[in-house]
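Colleague: Quick one, what's the 3D model for this:
(3 chains)
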Amino acid sequence: MRAIESFEVPAPPKVNYINAQYGLKSWLLTKDHKRIALLYLGSITFFFFIGGLYAMMIRLELLTPQGDLLQSTTYNKVFTQHGIIMVFFFLIPSIPATLGNFLIPMMIGAKDLAFPRINLLSWYIYLLGGVVTIYALLAGGVDTGWTFYTPFSTTFSNSYVVATGLGIFINGFSSILTGLNFIVTIHTMRAPGMTWFRMPLFCWSLYATSLVMVLGTPVIAITILLLAFERVSRVGIFDPGLGGDPVLFQHLFWFYSHPAVYIMVLPSMGVISELVANFSRKNIFGYSFVAFSSLAIAVFGFLVWGHHLFVTPQSIYAGMIFSFLSFAVAIPSAIKVFNWTATLYKSSISYDTPMLYALGFIGLFTIGGMTGLFLASLAVDVHLSDTYFVVAHFHYIMVGGALMGYLGGLHYWWPKISGRMYPEGWGRFSALVIFVGFNLTFLPQFVAGYLGMPRRYHAYPPEFQVFNVLSTAGASILGFGMLIPAIYFVWSMRYGKHADANPWHLPGLEWRTPSPPPTENFEVTPIVTWDAYEFAPREETEVVGKFRPELERT
Amino acid sequence: MSEHIVPVRVYIAVFLVLLAGTALTVAAAFYDFPWQLNTIVALTIATAKATFVVLYFMHVRYSVRLVWVIVASALFWMAIMFALTFSDYRTRKWDGRLGMIYSPGCSVVSRTSIMRRQDGQFKRIVASDVLIGASQKGQAPLISL
Amino acid sequence: MTTDATTAPEVHAHRALQHHFENMEQQREAGTLGMWVFLVTEIMFFGGMFLAYTLYRSLFPASFASASNHLDITLGTLNTGVLIFSSFTMAMAVYFTQIGKHRPQLLCLTITLLLGLTFLGVKAVEYYDKYEDHLIPGRLIPGNPFNPAVQEEGQKPDPHKLHLLQGATVPQVEMFYWIYFAMTGMHALHMIIGAGLLTFLLIFSLKRRFDPEYHSPVEVIGLYWHFVDIVWIFLFPLLYLLGRHFEHG
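Modeller: Just a heads-up that it's a prediction; the model follows:
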């Protein structure tokens, strides 16, 4: 019963979740988690391109040392809005709201999430937050940096702080409701036989992500509200004139925003676990270690926020505690990297597009994580804080890590989502272009930052120009590379090769439904008797090696 | 249904306990305890009242272990936020550095002091003080060097 | 490999069973768990404000005590009693729904709602008093900036005037009131939402939507209501009872 070939591949039904009902109303009022996932996919892609336009403006301005393309106040608005859109409207919802929404019920054998209407509500809240934020951007924008540090944001900034804050506040509820839904679903709706330790690791990492969403997002909500009240009433708790402490804002802000980066990267790690196991046809090495490390990252991630405050009047003793904890939080991530590498060892790797993204992730996330250790060292951080080193560090994690996981997952599950295959040749090509472009963009920024180039400046000393030119060139390649999947995904929906239920021949529960699946996912509720990555046993091969000659057989 | 139905007398008892707790906390507020005990007494009574509400009115006493874990983790996370934030504020004075929050209005953000030879001896002299604050609310801060 | 795991076909599904749940028990468990997870988010939400309060109280003890003493302890205690009573009637409403007694359930829900509205009314009175004494912080009310009258030494004690303890300053008192309005305002907002939810419950109860088999909304909104009560149980001593022991000292 374990060999893949004995799995019954269901015949493709005529009615799937896409063509079950026609009409705009059936999509806008859907309760089907798969349709909601597609609604999110469209909106998130839209915001991604807006954030990308801002990125393009930044890189164009930074081609030359003088601040000649944009005025300084405009440049402030551009990098602020790039950050806000990318963080809150793309990265945080990306994998949970698209892939998570689509796959979690299928991976645990359920018909839908626990609260389908709340799921739809969370999308509408996301849109509302987006509309309010876009209004703020069009009305004049905000120039405080996505971090909204006080007292500039409360007292001195002449931009649309309250409106943008309101947009982010509203968007936070979308995040909370998604996380709530996932937690309750995973606890209460697993199919018979689907124990916690038979769940795919993607579910584990989304569960950990949901914990972070639920525990952290309310704090940013109250922080933004306090910020808005202070700005409106012109007196408040971050105001030094009253004896208030601006650093309190930073404590409250980063209490969420640091775990937020784990919201962004944990789901991606879950995708990578899936890709690494499935595209090397081998059970993941150390399943329970990977599962528990997701939870550990979620918990430890809440203990380290003070490392963003090393160069503030925060006490040096608190700084030492936070520095130590920041080193500790790297450990679970490292455990994952070790386990993925061990999974790859002596496995049969197939270099399909999703696997290329997974391999890229492992390397780039490692670089990003290691450079984070530089920043976690108190003394080094004094030198590197607010330089391009920090910018490069978090882009390695966010783009080289989270985005790669997102793209890899999209490619991997695309046949299930759309019933079509994307063009494999173009997939591999664009993965390589993205990889090259990404490294060319951000590797020079490490050097520039280390040599002292500050971040958030639109004019810089001429000795940094060479790094900026390389970076902008890389950004153009990266941008081009990302356009290609956008085009071929849309193309494949009409002209792509039809995919059957299990195009990759894998044991996961989601591959036992037709592609695309029917609305209720499973004809009958499955009873699960197998582990998450049970592949057919490989044929015994001869063990030959330089260091074990006694095992050589004739 | 496997739902547990709490008897009415339990609800009435808890209600009376809560009212008694309220009366107690108001009375204790007027009594001058030594040291910080006033706060501790007030918070203890409040925690006890909250515990009764959680256990009996919210049925946690009769709920599955998962609900207990959820309640405990919420309190734990609040504790993290408080503990680590106060690890900053409580230790700011330890090393002689001046923090932001010693007095209302102007306060010193950072001070640079240098050793200078004066009258044949090295003396520590303040080279610069960066102040932040506002003489009146809503105005730009005064920064003096 | 995959076999039918659904219940026997003769079992009649409750009219309120949603299509994606196997049975009412699973649905009820999911609903309760969902509300608990939401309450966790609320705890963290209020937690941020409690943090700010704790910080500034530890820094400005005299000012906070002075400002706290200016709050009306009678109204505060009354409100605490009202809210505790409403928590009791809410629990009783759930009880009566569980055993299927319709009239007592309606009565308890109505009393809970009325008590909640009473709380909000008393709060409004308190807020109005603050408005009259010019204690609304900053320029929140444009024509009425923060400008309390301070009790001078040797003057006749005036309840509208602020009595400053040793070491208290007016800007720090303003900080207290900023936090007071933020916290009680946020609490009142949650009460208003709760009152709205109770109204829904009443309407649905009148239509006999709930029975011993299906009364998740009553239970779950009850959890929310109790939570709002718990927030007040902490707010009351922290805001109203801070410095009463200084009054005689």
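
Colleague: Quick check: which element contains residue 136?
Modeller: Answering for chain A, as no chain was given. With secondary structure defined by DSSP states H and E, residue A:136 is part of helix A:116-139.

Colleague: Just after that helix, pick out the following helix or strand.
Modeller: Downstream of helix A:116-139, the first helix or strand assigned by DSSP H and E is helix A:161-188.

Colleague: Return the set of buried residues in that next one.
Modeller: Using 16 or more other Cβ atoms under 10 Å in any protein chain shown as the test for burial, helix A:161-188 gives A:161-188. Just so you know, the C-beta spots here come from the backbone N, C-alpha and C atoms, and that holds for glycine as well.

Colleague: can you check stretch A:363-370 too?
Modeller: For stretch A:363-370, a neighbour-count test (16+ other Cβ under 10 Å) marks A:364, A:365, A:366, A:367, A:368, A:369 as buried.

Colleague: Please identify which of those residues is nearest to chain C.
Modeller: residue A:369 (27.1 Å; Cβ to the nearest Cβ).

Colleague: Wait, that closest one touches residue A:332, no?
Modeller: No: counting by Cβ atoms under 8 Å, residue A:369 stays clear of residue A:332, with 10.8 Å between them.

Colleague: List the contacts of residue B:80.
Modeller: By Cβ atoms under 8 Å, 6 or more residues apart in numbering or on different chains, the residues touching residue B:80 are A:302, A:303.

Colleague: element containing it, please.
Modeller: Per DSSP H and E: residue B:80 is located in helix B:65-89.

Colleague: buried residues in that helix?
Modeller: B:67, B:70-71, B:73-74, B:77-78, B:80-81, B:84-89.

Colleague: mean confidence score for it?
Modeller: Mean pLDDT, helix B:65-89: 93.

Colleague: orientation of that helix relative to helix A:161-188 in degrees?
Modeller: If you take axes from the mean of the first three to the mean of the last three Cα atoms, to 10 degrees, helix B:65-89 sits at 140 degrees to helix A:161-188.

Colleague: circling back to that earlier point, which of the buried residues of stretch A:363-370 fall within helices?
Modeller: Taking DSSP state H, the ones among those that sit in helices are A:364, A:365, A:366, A:367, A:368, A:369.

Colleague: for those residues, which one is nearest chain B?
Modeller: Among those, and counting by Cβ to the nearest Cβ, the member closest to chain B is residue A:369, at 22.0 Å.

Colleague: related to what we said a few turns ago, check the buried residues of helix A:161-188 against chain B, which are close?
Modeller: Residues shared between the buried residues of helix A:161-188 and the neighbourhood of chain B are residue A:187 [Cβ under 8 Å from any Cβ of the partner chain].

Colleague: Show me where chain A dips below the pLDDT cut-off.
Modeller: Low-confidence segments of chain A, defined by pLDDT under 70: A:1-13, A:536-554.

Colleague: what's the neighbour count on residue 108?
Modeller: If you meant another chain, say so; for now it's chain A. 21 (other Cβ atoms under 10 Å in any protein chain shown).

Colleague: should've been chain C
Modeller: 24.

Colleague: mind listing what it touches?
Modeller: Residue C:108 sits in contact with C:89, C:90, C:92, C:93, C:96, where contact means Cβ under 8 Å, 6+ apart.

Colleague: Please list which of those residues also come close to chain B.
Modeller: Okay, of the contacts of residue C:108 touching chain B (Cβ under 8 Å from any Cβ), that's C:90, C:92.
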